[in-house]
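1. Got a sequence here, can you build the structure:
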Amino acid sequence: MVMENILIGRKFQIDEKIGEGCFGYVCKGHNIKTGEIVAIKIEKTQVLYKVLKNESNVLSYLYQKGCTQIPKIYWYGLWQENTCLVMSYYTHSLQDFYDKKGTLEPNKMDVLMTQIIDILENIHKHYVLHFDIKPQNFMIKEGELYLIDFGFSKIYIEENGKHINQGSLYFTGSPKYVSYYNHCGEPASRRDDLISVGYMYLYLTGKTLPWENVDVLLETRLEENHIEHPKNKIRREYKNIENLKEIMEENSKICDYLEYCYNLDYDEKPSYHFLRGIFHQT
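-> Here you go, the predicted model:
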């Protein structure tokens, strides 16, 4: 599909396609009236699980609640039967920064961790879980950090005000950063977003994640995100806190951080203040 020079929502022109996945396309475009650069997501008509409607709803809700370290929505609607979402455009992610600069220094990561914890506290207090924490989803713009890709996000409080308590045989997100407890099939909660941040810290500071390139010869009919898939059983074992300690032994900060997160009950409110304090510069 030729994407250039297409007009979306009567005022957003597609300039180039910058990404493609199983759900559709991500394009760079601009507002033809103001010239502002925007990101345009186009969801393929035939996809089974629609994520853009959920992303639009979650982002609109969070923005109304005062969350600003997330993309701003400019337009949402249909174009040629495809669902489209026009939003803030960012040029560089933490993954891009890592790919260009290499391992991040601990003092740089300390600053980033306090910002990340701030962002998560802000969305969690409005009952939203992100569900796809990874370096590719943290964007840097003018020295500020932003969290993107809320397509898989969910509300963790039920109508009765209680925390969801139903687990799942399937996890959401990248296997590399999915929480140990998601691998166990436990109810998704705030601790899982925070634990995924811990894995991200280890990766960005140059630690080898032993579960990163798991390979098994055993054939299975289970889907890749099923918790009993042979690869995920191995990942779960690697992510056990006792095995993690071998990776974290040289860094007391991330050890304190992850041990605290692992010890949280699924419905327990984390102390974001305590977690920030671990990484505050002294």
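2. Please make it C-alpha for all contacts and neighbour counts, starting now.
-> OK.
3. quick one: contacts for Met87?
-> By CA atoms under 8 Å, 6 or more residues apart in numbering, the residues touching Met87 are 38-40, 71-75.
4. Need these in JSON lines (columns: secondary structure).
-> Shown next, in JSON lines, are these (DSSP: H, G, I helix; E, B strand; the rest coil):
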{"residue": "Val38", "secondary structure": "strand"}
{"residue": "Ala39", "secondary structure": "strand"}
{"residue": "Ile40", "secondary structure": "strand"}
{"residue": "Pro71", "secondary structure": "coil"}
{"residue": "Lys72", "secondary structure": "coil"}
{"residue": "Ile73", "secondary structure": "strand"}
{"residue": "Tyr74", "secondary structure": "strand"}
{"residue": "Trp75", "secondary structure": "strand"}
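5. doesn't Ile140 make contact with Ser93?
-> Yes - between Ser93 and Ile140 there is a contact at 5.8 Å, judged by CA atoms under 8 Å.
6. which one of the two has more residues nearby?
-> Ser93 (21 against 17; other CA atoms under 10 Å).
7. Please tell me how far the more buried one sits from Gln136.
-> 5 Å (CA to CA, to the nearest Å).
8. now Asn165
-> 29 Å.
9. what's the helix or strand for Asp215?
-> Assigned by DSSP states H and E, Asp215 belongs to no helix or strand.
10. Could you check how far it is from Met200?
-> For Asp215, the distance to Met200 - CA to CA - is 21 Å.
11. So which bits of stretch 160-178 are buried?
-> 163-164, 168, 170-173, 175-178 (16 or more other CA atoms under 10 Å).
12. and which of the residues you listed is nearest Leu222?
-> Checking these against Leu222 by CA to CA gives Tyr170 as the nearest, at 10.1 Å.
13. For that closest one, which non-adjacent residue is closest in space?
-> Spatial nearest neighbour of Tyr170, excluding adjacent residues (CA to CA, 6 or more residues apart in numbering): His226 at 4.5 Å.
14. correct me, but Tyr257 touches Val197?
-> No - using CA under 8 Å, Tyr257 is not in contact with Val197, being 9.9 Å away.
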